Structure formats: structure tokens, C-alpha cells
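Undergrad: Okay, here's the prediction I keep looking at, along with the sequence it came from:
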Amino acid sequence: MSETAEHHDDHHPPKYYVKIWVILLVLLTVSIVGPMIGIKWLTLITAFGIALVKAGMVCAYFMHLNIERKVAWYILCATLLLLLVFFTGVAPDVMKPSGTNWQSLYHEPTEEESMVHHGDEHAEDAHHGDEDTHHGDEDAKHDDGHDEHSEDEHHDADSHDEGH
Amino acid sequence: MSFSEKYIFSTDHKVIGLQYMFTGIFMALIGGFFVYVFRMQLAFPGIEVRFYGTVTPLAYNSLVTNHGTIMIFWFAMPVLIAAFGNILIPLMIGCDDMVFPRINRLSFQIFLLSAIILIASFFVPNGGFGGAWTAYPPLSAEAAYNSTPLGAPMWLIAVALEFVAFLLGGINFITTLMNARAPGMTMYRIPMACWMIVIASILFMCSVGPLIAGAVMLLFDQTLNTHFFDAAGGGDPLLWQHLFWFFGHPEVYVVLLPAMGFVADIMAVMARKKLFGYKTILYSVFATGILSFVVWAHHQFIAGIDPRMANLFTVTTLLISVPIAELCFVYIATLYGGSITFNTPMLWALSFLVEFLIGGVTGIFLGASGADIYFHDTYFVVAHFHYTFVPIAIIGFYCGITFWFPKIFGKMMNDTLGKIHFWGTIIPFNFIFIPLFLLGAAGQHRRIYNFENFQDLALPEFFNLRVIATVSLIVMICFQLVFLVNFILTLRKGKKAPRNPWNSNTLEWTAESPPPHGNWPVLPTVYRGPYEYGHPDRPDSDYWPQDEPGPDPADPDYKSTQA
Amino acid sequence: MSFQVPIATNRSATGIPTSRLAVWWILASEVVIFGGLIMCYLMFRLHHESWGFEAAHTNPIAGGVNTFVLLTSSLFVVLAHQAAEAKETDKSVRYIWFTIFGGFIFMMVKAYEYTTEITHGYTMFKSVFWSFYYTATGLHGFHVMAGMFIMWMISRDVKKGKNLHRVEIIGIYWHFVDVVWIFLFPLLYIAK
């Protein structure tokens, strides 16, 4: 236990940090180019794996965590672990598509619906216009959207939508 | 220094601590008034409640919601953690103030703002939020359901601001304890009260994050019509429950730990005996803290969560009772063979142990997911958490204030009035909540405005139990006047307190009563742990202050002067 | 009477200076706040494959530019810290202002992004994906602006040669803001 605090003895010349920065930019480029190739596992590794590496480098070299007392690492790692605990405890519920007594009524958006159509609507009305187009799309795609659901009462219950 | 510099905009930790304390007590009066009103409605449905009027269903929901919210966030936490933490931590570890006094002041100002916003929410059209302190969507998200379009977001913003205030305060406490200790105060020489408050702050900081994110999402659902928690819109209402309880469960340990810390310190002093198993307590508390992060879904057993998770959470919930029970055993072991003085602080500390044990064991029924299917949302739960929360908040507060009053205010409280107040609080307390256990076991659900509407719950026996509970509540509230009288009379005409009236070892008792700004002209040095009472090597004194130069009996090289 | 720093502030039983210790704890709490939000987003995103269609309409070029801007501004703040350690206050102030400028560019790009997206109809209420997008990037942007403001305050002190230790502290905070963006970028802009 010391009475005085230590300051980090930074013996690195500025060029050292510029080198780290260049490596980070290279990683950034890879993480943008990789997903453009389109292979899923490659995207995962390049986009997210590299994000982890970049974050680790910023933490270790820019934040000087590599020469900091271990307690700081422990604090931060503990919080990351907590986030993992949170995800593990909550995902089984939030990521559940349906249960024994319920089904999700949420209509998964299609590629068409995710785009916003322009043309005759001006900017302020774009929002409302989109809602109407969406409704139209929903009705049109009702049968497609509900193929997964086997119950007939589901169709009947939703048939009132057709009135819109 | 002008009055406003000295008392309103002070950066002194003792002044800020008192600001938190008086704000907290004021809010407790409001929360207490709310419970008086709604318990009158429950015992005597339709009655015109004195000082209030008739209770409408909407008002009932709002009273219940705000009673819970206020008592936890604006009474228990500010008083136990912010008030006592601020006053005691620098004094107990031997430094002159918190490490960031201006952030300390800012945290109180944000806290005060949050209290003002909450109170303001009661006066807006349609009144305060009535969706329960747990604020589950879609009730809390849609004004169409909760009928309080202004009250709901204001409640949420008040709670969020309170969280920010405690995050800031927590950083101050943690950093101060870690860094600003007196020379010689190693980790195992820190008094339990300090340890507990700081561990509580750490638990709070780590658990509140997801809920802050959730609160932002809920606020947007309330005001901007987003669909974070709306199933049809692509969200999930169960997500809020998880976000809330991921914080909500560690939160109960956040408030529990400081109270247990006070009890530990009081017991050692009043029994004139070394705290039994300092390290055991510490490690049990670490274990409790870690476990507290993996028990949260026991609040959601019947919400439709994955049953495999329910099994897991049952196991962890039952496990967490072990370290807490360990703590209770260690306290009892501390008392065993001690030379006990039954003064007011000690009576409060002993009653904490007894009442909290009852609360704790009733939690076992609720922690088992099978039994919880019956008990969830009944008054059994209400009785359980009041048998834990009231010892924590009310008994814990009285432990702290009666024990440290001489140091904080420089006067000695009247012990006879203290004992009258004690018995007048504890006995009615049990008569309030034992009926609620019985009613809960009989199936009485929570958050119901009028049980006359339920045939099987409208039996005269049940109404008798409700009346007993309500009348006992009124008796308990009346006895708090005894404390108020004691408090005010002592401040005005009380005997001046000596520097160390309880002959305690810890550092705060070496400062003047009350301590000046800066606490000591020369900051102390520490030579031993805080609980060296009745040491055989000191025949002339049954205590050995931490700052008295000399050997440390806990040191492995220490040679006892006895054979 | 002006404020006097108490003795407590300069003690260090852990060996880490108090202000730096405090900033690690601040980061810990921020990790759980942002992490909580990101975990929620992750759960929804993994659960709804169709959100890939929604995410196709974020602007990865703007996102990439912003990542570059933040990484560069992180470099500048490290150099500012080095200069402050060497007591080269003018150099330090200059680097701090480069960092602030980086934050400013970031916010401008964000403003451009938001404006384009909103005028095209991709508002916060269009779907839960977009709600998350605006909430996460908005919360992050708020932290960027707060950081810029605090850096400005610190640069004023540094110019007078006071409180040089605070450059490191705001630097650590700024790196954290950068790290959050390093994760937001692939989550919101790349994963389609």
C-alpha cells in the first residue's frame, strides 16, 4: 500500500501510437471489405471478431490498460461477464418464437416493406404514406405471412384487417 | 461563510449526508401517509379517510405504486447509503472529506431534483403513476391503459434521475474507500459499516445499467409511441421484466448490506466483544453479492418464462439464503459470551436480527418455483418483503441514528424515550404483517382495491385481519412521534455528548462531537482492526482504539503478554 | 470562500491516482448501460432474421467514416496526454482541440445520416429496429457531445498549466466512447 499514486511512465515516442492507429485503420478496412464478400462466417469473423480485436487494442494501448494495475482489468472484465449473464438469462425468453399457449402476432417485415417508397409523397407525409402502403402490403401478404401458423382461428381473427 | 455556503451549497460530506437524511425522512413521511390511506381503504372499504377523502380505484393504484417507489428509492437508499455513507465513511477511514466533494454536492442536487419531480407527478392531471413500482408494460407504456399520461413519464424520469444521483454518489464512496484510507488502515481493518456501504454501491453500479437502458426504452414507448415492449410491434414485454429484475434483485441486497453493517458495528460495541469472523462476514457478503446477480427471475416464475430457467433460478435463490444465514449465525456468535448492554441502539440491532430472520425464511417458500405458483402476487409476498424491508429501512435507520446521534449532533438522546419508541414500533410492526401472511396464504391477491368484490376473500374473518393490520399500522405511526419528540428535545436541551460515549474503537469516535469541517486537525493513523474489545492483554480497558499507537494482536508476529 | 481540495483526494492506498480510479468505475457503469442496450438489441436481432432487411438501409459509408474519425480522434487524445505528461501545455491543448474537432465531424456526419434517413421515412417509429438504431446511436452521440464539452473545459485549465492529470482522464473516457462505437458499427451498419 503506497501513499503516493504512480503516474504511467510513458516511454513510447508518439510514433508508437501512430503505428497502433495505422493497424486499427487496416483492421477497419478489413472489417468493411470482409462482409462485402458475402460469406456469413467470414462476415462474423471480420465484422465482429475484428471489432473485438480493435476494442482490445484501444483498451490495452490507448487506455494504457496493459500497464495499469490489474484491479482495473478485473473491474471491467467483471462487468462484461455480467452482460453475458444477463444475455444468458434473458435470451431464452426474448428469443422465443412461440410457446404452448401463445403465438407471436408480430409480422416480420419483408424486404419490400423495409424499404420506404417515394414518388408522390412529400417529406412530412412520407411517414403516413408509408403506414398506408404497409397496411396494403400486410393485407396482400397475409397468406404468405401466416403460412407458419396452422390455426384457422388465427386467419379469422385477423380477417377484420382486410377492411382497412 | 454565509448560511447558504455553509448549509445549502456545502461540499462538506457531513452536511451533504444530513441533507440526504432529512430529505429521505421527509419522503418517508409521504410514503407512510400513502400507506395509511390505502390501508384504511382496505380495512374499511369506501371509508372517507381522515386527512385524505375517499379513495378511488385509480388513486388506490397510485398510492400503492408511490408508496413502494418512495420507500425504496427515496427513503431506504438515501438514508442508509447516501446519508450514513456520506457522514460515516470519511470519519471511519480517517480522512477529511470524500475524494470528490463537488461531485458529492452535485449528486445531492440531482437527487433533490428527482424528489421534486416525483412529488410534482402527484399534482398533474390524472395524478401520479399507478402501474406498480415494477412498472410492467404494456400497462406502464400505454396511457390508454394506465390513465396517467403525464404521471407515468414523470415517475420514470424521477426514478432515472435518482439512479444517476446514486451512480455519482457510488463512485465517490468506492473511490474514497479504496484510496483515501488513513495510513495503517489495511483492507481487513476497515469497519463493517464502511465495507457494506461500499459493496452495496458496487452492486448498485453493476446492476442498474440494463435498467437505465430499459428506462430510456420505456420512456420512448410512453412518449414517442415506439414499440420496444409491445409484442405486436416487434418488441417484448417480458424484456422489461428481465431488465427490471436484473437490477431489482441486487437492489434488495444494496439496501440490506448497509443495515447489516450497522448491526455488526453496534453489536460488537454493545456486547464488548470482537466481531466473530470478520473475514467470514466479508467473504459471505462477496458471495451474496455475486449470487445476487443470478437469482433475479424468481420474481418472474409465473410470467411465462422458460421453465428450465425457472429451475435454475430456484436453485440459485435457495443457495443465496446460505451466506445470509451465515451472517446471522456470525452475529449470534458475536453476542455469545459478550457483556451486553441493552440500550436503545442494541435493542434495535437485536430486533433487526430477529425480524429479518423471519423475513428471510419466508422467502424460501417464494424461492421454490413450485410453491411460488400459489404464493406469487398474494399478500404472502407482501408480508415477506416487509419483514425484510422494514428491518432494513426502518430498524436499520433507527440503529444508525440512535448509535451515531451523539457523534453527528453532539448530544445524547434520551434512552428511556428511545426504548418506549422501540417497543411501540416493533410490537405493532409484527401485528401489521403476521395477518398479511395469513391472508396471503388464504389466497388474497395483491394490488386489489376492494376485497368486498371477491366473495371468497370478503369473509368477516379476513376483514378482521385487515382491520388488525391497519389499526396496528396507525399505532406504529403514532409511536414515531415519540422519536420525533426525543430528537427535537435532545437537539434543543439535550446533554452534551462526550467524544466517545459508547467506548468504541473506530476512528469516528476520536473526532469531536460533532466533528468540525476537515474532521481532525491532524488526520489519524491506524494500528489495528476495529473490533479489539475485551482483549486479555489490556486488563485496564475493555476496548483498544484503532488509532492508539501499539501492536496489532491480529499480527502473526504478535506476542501475547499472557502466558 | 473558494473550494479547497481535501487531503483525501490526493491519497492513494491502491497506487492508482484517485481520478483515474474513479474513471475506471465510471466506465464500468457505462459498460453495463450501453452493454444492456446492446444485449437487448442483439437478442432481438438474432431472433428476427428479417431485421436484416431493415438494417440494409443504414449508411455503411457514413458509419465507416465515423469509425475512422473516432479512431483518429482517439489517437489525438493519447498524444495530448503524452504532451501533458511532458508539461508541453500548448501542444497538449492543440491535440485536445483536434480531438474535439474529430467529435464535431462525427456529429456532423451523424446529423447528415439522421437527416437523410428521416426525410426518406426511416424514422424512429418505423419499426423496432429503427427505434434501437436511433436510441443506441443517439445515446452514444449524447456521450460524444458530453465528452467534447468536458474536453473543452479541461483544455482551458491545461492552457493555464493547471490540472494536467485530467487530460488522461478525459482521454480514457473518450477511448471508451470510441470502443462503444467500434461495436455499434458492425452491429448496426455491417450485419445485414
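TA: Received the coordinates, thanks.

Undergrad: which stretches of the chain aren't confidently modelled?
TA: Since you didn't name a chain, this refers to chain A. Within chain A, the ranges that satisfy pLDDT under 70 run A:1-10, A:117-164.

Undergrad: ah, no, chain C please
TA: C:1.

Undergrad: and it, which residues reach chain B?
TA: Neighbours of chain B within chain C, by CB under 8 Å from any CB of the partner chain: C:1, C:3, C:6-9, C:11-14, C:16, C:18, C:21-22, C:25-26, C:28-37, C:39-40, C:43-44, C:48, C:124-125, C:127-129, C:131-132, C:135, C:139. Bear in mind the C-beta positions are built from the backbone N, C-alpha and C, glycine included.

Undergrad: Any of those residues buried? List them.
TA: Buried subset of these (neighbour count, 16 or more other CB atoms under 10 Å in any protein chain shown): C:6, C:8-9, C:11-14, C:16, C:18, C:21-22, C:25-26, C:28-37, C:39-40, C:43-44, C:48, C:124-125, C:127-129, C:131-132, C:135, C:139.

Undergrad: near chain A too, which of those residues?
TA: C:11-14, C:16, C:18, C:21, C:25, C:28, C:31-32, C:35-36, C:39-40, C:43-44, C:48, C:125, C:127.

Undergrad: Next step: these restricted to helices.
TA: Mapping these onto helices (DSSP state H) picks out C:18, C:21, C:25, C:28, C:31-32, C:35-36, C:39-40, C:43-44.

Undergrad: Throw those residues into JSON lines and include distance to A:Ile39, thanks.
TA: JSON lines is the format used below for these (distance: CB to CB, whole Å):
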{"residue": "C:Thr18", "distance to A:Ile39": "49"}
{"residue": "C:Leu21", "distance to A:Ile39": "45"}
{"residue": "C:Trp25", "distance to A:Ile39": "41"}
{"residue": "C:Ala28", "distance to A:Ile39": "36"}
{"residue": "C:Val31", "distance to A:Ile39": "31"}
{"residue": "C:Val32", "distance to A:Ile39": "34"}
{"residue": "C:Gly35", "distance to A:Ile39": "28"}
{"residue": "C:Gly36", "distance to A:Ile39": "31"}
{"residue": "C:Met39", "distance to A:Ile39": "26"}
{"residue": "C:Cys40", "distance to A:Ile39": "28"}
{"residue": "C:Met43", "distance to A:Ile39": "24"}
{"residue": "C:Phe44", "distance to A:Ile39": "24"}
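
Undergrad: ok, so of those residues, who is nearest B:Leu481?
TA: Comparing those against B:Leu481 with CB to CB places C:Trp25 closest, at 41.9 Å.

Undergrad: Surely the closest one touches B:Ile174?
TA: Yes. Assessed by CB atoms under 8 Å, C:Trp25 is found in contact with B:Ile174 at 5.7 Å.

Undergrad: shared neighbours of those two, anything?
TA: Both C:Trp25 and B:Ile174 are in contact with B:Met205, where contact means CB atoms under 8 Å, 6 or more residues apart in numbering or on different chains.

Undergrad: OK, now which residue of the stretch 451-563 of chain B is nearest to chain C?
TA: Nearest residue of the stretch 451-563 of chain B to chain C, counting by CB to the nearest CB: B:Leu523, 6.6 Å away.

Undergrad: quick one: contacts for B:Ile392?
TA: B:76, B:80, B:255-256, B:259, B:356.

Undergrad: so which strand or helix has residue 79?
TA: Defaulting to chain A. Counting by DSSP states H and E, the element that carries A:Thr79 is helix A:70-94.

Undergrad: I was thinking of chain C, sorry if that wasn't clear
TA: Assigned by DSSP H and E, C:Leu79 belongs to helix C:60-85.

Undergrad: C:Ile154 too?
TA: Assigned by DSSP H and E, C:Ile154 belongs to helix C:128-159.

Undergrad: quick one: the helix or strand containing B:Phe33 near chain C?
TA: Assigned by DSSP H and E, B:Phe33 belongs to helix B:13-43. No. Using CB under 8 Å from any CB, helix B:13-43 stays clear of chain C, coming no nearer than 9.0 Å.

Undergrad: Off-centre distance for whatever helix or strand comes next after that helix?
TA: Counting by DSSP H and E, the next helix or strand C-terminal to helix B:13-43 is helix B:57-69. Here helix B:57-69 is found 20 Å from its chain centre; the criterion is CA atoms, centre = their mean, to the nearest Å.

Undergrad: If you average the pLDDT over the next helix or strand after helix B:57-69, what comes out?
TA: Downstream of helix B:57-69, the first helix or strand assigned by DSSP H and E is helix B:84-93. Helix B:84-93 carries an average pLDDT of 97.

Undergrad: for helix B:84-93, packing partners?
TA: With contacts taken as 3 or more CB pairs under 8 Å, 6 or more residues apart in numbering or on different chains; DSSP states H and E, helix B:84-93 sits against helix B:13-43, helix B:151-179, helix B:192-224, helix B:237-270, helix B:396-409.

Undergrad: near chain A, which residues of the stretch 201-350 of chain B?
TA: Counting by CB under 8 Å from any CB, the residues of the stretch 201-350 of chain B that sit close to chain A are B:206-207, B:209-210, B:231-234, B:236, B:238-239, B:242-243, B:246, B:293-294, B:296-297, B:304-306, B:308-309.

Undergrad: Buried by neighbour count, from those: which ones?
TA: B:206-207, B:209-210, B:231, B:233-234, B:236, B:238-239, B:242-243, B:246, B:293-294, B:296-297, B:305, B:309.

Undergrad: returning to what we had before: between helix B:84-93 and the helix holding B:Phe33, find me the angle.
TA: Interaxial angle, helix B:13-43 versus helix B:84-93 (axes from the mean of the first three to the mean of the last three CA atoms, to 10 degrees): 140 degrees.

Undergrad: buried residues in helix B:13-43?
TA: For helix B:13-43, by 16+ other CB under 10 Å, it's B:13-21, B:23-25, B:27-28, B:30-32, B:34-43.

Undergrad: Could you do stretch C:47-54 as well?
TA: By 16+ other CB under 10 Å, the buried positions in stretch C:47-54 come out as C:47-48, C:50-51, C:53-54.
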